[in-house]
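Asker: Sharing a model that was predicted from the sequence below.
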Amino acid sequence: MLDLLLTHGRIIDPASGLDTTGAVGIRAGRISGIYTGQVALPAARETLDTAGRVITAGFIDLHAHADLPFLDEDYTDPRLAANTTTDRDCAERLLAQGVTTMLNGNCSFSPVDVAGYIAGCGRTAVNQRTLVGHGALRFAAGCTDKHAAATPEHIARMCDAARAAYTSGAAGVSFGVGYTPGAAFTELLALTQTAADAGRIAAIHTRTQGCTPAESVTEPCELALQTGARVQISHLVYQYTGAHLRRAIEIITDYRARGADITVDSGMYTDWATFAGSALFEDSARAVWDWDYADMTAFGGIHDGKQMTRRLFIEARREPKTVFIVRVGNPDDIRAAYELAECVPSTDVGPAALGGGHPQGSATFPKFLREIVADAGQFDLIEGLRRCSTYPARILGLHNKGRVAAGADADLVVLDLERLRPVADFPPAGNPVARPNGVTHVIVNGRLAIRDETRIAHVNAGHYVY
């Protein structure tokens, strides 16, 4: 007997291109069969009629920060605490969008003890993996000055720790070179080579100081070309706007043509958020990227909700838990980013207490499918769903995810395309953590976590995936 049977739905397997009407059977956490035509359906403990809705693979978010609450109190040490677990609120907001797997440890922030992290993960709303962060490895190796170059001894210790993290289950290494401007290319090259040798990815939040925008995107492309690693360029549209974005796309396309394995994720907003005290807001970065004080709004701290002036900016930078939302770019940048083949959506989700004024963690995937796919028609529904599930699964090497086929993991989302819309918005216009409409059912490892757009209490079927 099946555990669950979804009937009368429009079944879309983005991996194969299958688009048909029928039923999907689930047993023991896997898809047991796809049933079409007049075949007799097997008995099931629970049956859901999904007529008029799309059954497809659960979404995969390649850029999450559900581990950020566990940074040290002043956020200066990028090593996450030994008892790090997943922020439950982040996982819940992703689940409500149809996300069934998330990748943490981005932008160089992560635990160093990946084995301990995995052991402490337990069951959560969605599946998860983690990267090991360059900034965390750097600090643990004794290179605690973000503006200083690492010594050969530091680099050797970082590489040894990265290899141990891969052995424990890390999906790769992450860089946030804007947060560690002293890191030289040779340092990044050595760590990226460890990822290449282990068959892992290297995800990079590109450099913002001491270079031009074109040079900053060339750096990860060179890392990919020289090491053979799969390099994931993080949140492209948060890094580059306007002419800088168009040039970045040209550079990435050129390096791909030369054989570099470069993949890209991008958000659905041009406004981005990060810690006010980070190196990204030093004068050397602001001068290159042309951010004005009036482009920034503080969330948290004594200036919560205020637009910045020079005086307020200086004061807010002294408060570790203040986050700046930087309002730059225009909507054309978002569409341009997705012109890159296989550019996938990512949320950059973080705990609501840290930059909770940004709706990205609650709206990105429905916003992508509504605005890029349905409204703009930039590509068809199957391609849009591939970018939400199949391509991210391929990037991470998760061969049983991102598919709707017998034997695949039963991570599924059922969508009401007519109603599918983001609801979250920036304050004061809206609620940045409001749940979207149209995500009807979500199934994680064969268990219903959302039924009829309602969260089923105490169902936490997600676990760490390798």
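Answerer: Cool, the structure landed. The structure presented is a predicted model; accordingly, all values stated were derived computationally and were not measured. Numbers count the residues shown, from 1 in each chain.
Asker: Show me the shaky parts of this structure.
Answerer: Within the chain, the stretches with pLDDT under 70 are 68-86, 352-356.
Asker: where do the helices sit along it?
Answerer: For the chain, the helices defined by DSSP state H cover 88-95, 114-121, 134-140, 152-168, 185-198, 213-227, 236-239, 242-257, 283-289, 310-317, 331-337, 360-367, 381-385, 391-396.
Asker: Please work out which of those helices is packed deepest.
Answerer: The highest average neighbour count among these, using mean count of other C-beta atoms under 10 Å, belongs to helix 360-367 at a mean of 28. Just so you know, the C-beta spots here come from the backbone N, C-alpha and C atoms, and that holds for glycine as well.
Asker: got the contact list for that one?
Answerer: The contact list for helix 360-367, computed with C-beta atoms under 8 Å, 6 or more residues apart in numbering, reads 59, 61, 90, 93-94, 96-99, 267-269, 273, 345-350, 352, 388, 420-425, 432-439.
Asker: and the angle from that helix to helix 88-95?
Answerer: Helix 360-367 runs at 10 degrees relative to helix 88-95, counting by axes from the mean of the first three to the mean of the last three C-alpha atoms, to 10 degrees.
Asker: any idea how far Gln38 is from the closest residue to Tyr35 other than its chain neighbours?
Answerer: Leaving aside its sequence neighbours, Tyr35 sits nearest to Ala23 (C-beta to C-beta, 6 or more residues apart in numbering; 4.3 Å). According to C-beta to C-beta, to the nearest Å, Ala23 and Gln38 sit 12 Å apart.
Asker: ditto for Gly58
Answerer: 29 Å.
Asker: likewise Ile60?
Answerer: Following C-beta to C-beta, the distance that separates Ile60 from Gln38 is 34 Å.
Asker: before we move on, back to that, show me the contacts of helix 360-367 that map onto strands.
Answerer: In strands, defined here by DSSP state E, the members of these are 59, 61, 99, 273, 345, 439.
Asker: which among those residues end up buried?
Answerer: 59, 61, 99, 273, 345, 439 (16 or more other C-beta atoms under 10 Å).
Asker: need the contact list for the closest residue to the third one other than its chain neighbours.
Answerer: For Val99, ignoring the flanking residues on the chain, the nearest one in space by C-beta to C-beta, 6+ apart is Phe59 at 4.5 Å. Residues counted as contacts of Phe59 (C-beta under 8 Å, 6+ apart) are 97-101, 365, 388-389, 392, 413.
Asker: tell me how far stretch 143-151 is from the chain's mean position?
Answerer: Averaged C-alpha coordinates place stretch 143-151 at 27 Å from its chain's average position (C-alpha atoms, centre = their mean, to the nearest Å).
Asker: Tell me the span between the first and last residue of stretch 168-188.
Answerer: By C-alpha to C-alpha, to the nearest Å, the extent of stretch 168-188 from end to end equals 21 Å.
Asker: hmm, back to that, got a quick ChimeraX command for the buried subset of the contacts of helix 360-367?
Answerer: Here is the ChimeraX command that picks out the buried ones among those, judged by 16+ other C-beta under 10 Å:
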select :59,61,90,93,94,96,97,98,99,267,268,269,273,345,346,347,348,349,350,352,388,420,422,423,424,432,433,434,435,436,437,438,439
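Asker: What residues does Val114 make contact with?
Answerer: Val114 neighbours (C-beta under 8 Å, 6+ apart): 130, 132, 164-165, 168-170.
Asker: Make CSV from the contacts of Phe59 and add distance to Glu153 to it.
Answerer: Output for the contacts of Phe59, formatted as CSV (distance: C-beta to C-beta, whole Å):
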residue, distance to Glu153
Gln97, 44
Gly98, 46
Val99, 40
Thr100, 42
Thr101, 37
Phe365, 43
Cys388, 43
Ser389, 43
Pro392, 36
Val413, 48
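Asker: Tyr238 touches Trp272, doesn't it?
Answerer: Yes. Tyr238 is within contact range of Trp272, at 3.9 Å (criterion: C-beta atoms under 8 Å).
Asker: Residues in contact with both of these two, list them for me.
Answerer: Contacts common to Tyr238 and Trp272, judged by C-beta under 8 Å, 6+ apart, are Asp348.
Asker: residues contacting Glu92?
Answerer: Shown in contact with Glu92 (C-beta under 8 Å, 6+ apart): 125, 455.
Asker: Would you convert the contacts of Val114 into CSV that also reports distance to Gly259?
Answerer: Listed next are the contacts of Val114 as CSV, based on distance: C-beta to C-beta, whole Å:
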residue, distance to Gly259
Thr130, 29
Val132, 26
Ala164, 30
Ala165, 27
Ser168, 31
Gly169, 29
Ala170, 26
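Asker: tell me which of those is nearest to Asp452?
Answerer: Nearest to Asp452 out of those is Thr130 (C-beta to C-beta; 32.1 Å).
Asker: any idea what sits nearest that closest one, other than its immediate chain neighbours?
Answerer: Excluding its sequence neighbours, the residue lying closest to Thr130 (C-beta to C-beta, 6+ apart) is Gly105, at 3.9 Å.
Asker: so who does the one you found touch?
Answerer: Gly105 touches 67, 111, 130-133, 170-171, 174, counting by C-beta under 8 Å, 6+ apart.
Asker: Got the domain ranges for this protein?
Answerer: Under the assignment automatic domain parsing, the domains of the chain span 4-57+406-455, 59-285+328-393, 292-324.
Asker: roughly how far apart are the residue nearest to Thr130 and Leu4?
Answerer: Computed as C-beta to C-beta, the Gly105 to Leu4 distance reads 32 Å.
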